[in-house]
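sharing a model that was predicted from the sequence below.
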2 protein chains.
Amino acid sequence: MHAFDVLGDPVRRRILELLADGEMSSGAVSEVIGDEFGISQPGVSQHLKVLRENGFATVRPEGTRRLYAVNSEPLRDIDAWLGQFRRFWTPHLDALATELARGKRERRRREAGRDKTAGDRAENQARPPRSKP
Amino acid sequence: MHAFDVLGDPVRRRILELLADGEMSSGAVSEVIGDEFGISQPGVSQHLKVLRENGFATVRPEGTRRLYAVNSEPLRDIDAWLGQFRRFWTPHLDALATELARGKRERRRREAGRDKTAGDRAENQARPPRSKP
DNA sequence: CCAATGTATAGCTTCTTGCTTATATAAGCG
DNA sequence: CGCTTATATAAGCAAGAAGCTATACATTGG
């Protein structure tokens, strides 16, 4: 199962949010999730299993309980994947300068007289700014 | 459909990667994807529809073709959600200092003599570093 | 050892999704 | 115009995922 599939489920996302505040027992998670989403203990347990098996969470037995905690590695992978798009909303300063000086004007010219469509969006024309100019 | 579900599919992720290099016609995308994943033109078209309807891509008709481009907003949303976990792998400097001075030693003491288990992972004990100490 | 508590697994059902083939729409060209 | 090319939609099917109930396993306290 791919990392993105794991995060595709709202219950699992919520569980991770809970774990982000520190370790939590399976039971404690079940209670909150059961409350918020109305699903049974086995249901939650299965989600925990998915998180576990895909490296999003680690477990530590403590007596009869099982304490879950976030493991961030897969999240970091996702972050890395996202990295290749990050330039779309955090352009480098020089790229931004180029944008302002050249792109916008040119774009505006092309659009003159047309009605407002999706074509307005910056990334529609944006070529990737070279990383090392 | 949630943003994470959209990215759950490898074909859609790949399409976004293609679009990240600039606009591409539906047909061009279909060709590459069909090649790489062995799926039909309608199959690709449906994926493009999902990307479109969920705001990951915009379309611009040009003659008989349809040019697709990345729209980064939903990606930014994902990036934002990921933000609440980013501290796990990029601790603030002051938090890092605290870590080094206090956490590590304490942790090591607690672990002394135990066998190597999942408990070794930093985030297992990690409480969220206060954002503004 | 037994019962109680905490947690996980099994087996089943239902809903969703990602394909496929076939067909519709739409623009360009002779 | 009608044909071709580019793209989208429709309908149907198969696989997988998420939920449920019932049950098994494990630790602990009496």
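Noted; the coordinates are in hand.

mind listing what A:I78 touches?
By C-beta atoms under 8 Å, 6 or more residues apart in numbering or on different chains, A:I78 lies in contact with A:3-4, A:7, B:78, B:82. C-beta: built from backbone N, CA, C; applies to glycine.

which residues in chain A form helices?
A:3-8, A:10-20, A:26-37, A:41-53, A:73-86, A:93-98, A:104-111, A:122-125 (DSSP state H).

quick one: closest of these to DNA strand D.
Closest of those to DNA strand D is helix A:41-53, at 3.1 Å (criterion: C-beta to the nearest atom of the strand).

would you mind listing the outside residues contacting the closest one?
Contacts to helix A:41-53, defined as C-beta under 8 Å, 6+ apart, come from residues A:1, A:6, A:9, A:11-12, A:15-16, A:26-27, A:29-30, A:33-34, A:57-59, A:68.

ditto for stretch A:5-24
Against stretch A:5-24 from outside (C-beta under 8 Å, 6+ apart): A:29, A:32-33, A:36-37, A:39, A:43-44, A:47-48, A:50-51, A:54, A:56-57, A:60, A:67-70, A:74-75, A:78, B:2, B:4-5, B:8, B:81, B:84-85, B:124-128.

quick check, that stretch touching DNA strand D?
Yes: on the criterion C-beta under 7 Å from any atom of the strand, stretch A:5-24 is in touch with DNA strand D at A:5, A:8-9, A:11.

scan those and report the most crowded one.
When neighbours are counted by other C-beta atoms under 10 Å in any protein chain shown, A:G8 leads these with 20 neighbours.

right, and A:V29 touches A:Y68 too?
Yes: shown here, A:V29 and A:Y68 form a contact pair, counting by C-beta atoms under 8 Å, at 6.5 Å.

name whatever forms a beta bridge with A:A57.
When assigned by DSSP bridges, A:A57 has beta-bridge partners A:V70.

next, count neighbours for A:W81.
Neighbour number of A:W81 under other C-beta under 10 Å is 17.

over to A:Y68?
When neighbours are counted by other C-beta under 10 Å, A:Y68 registers 25.
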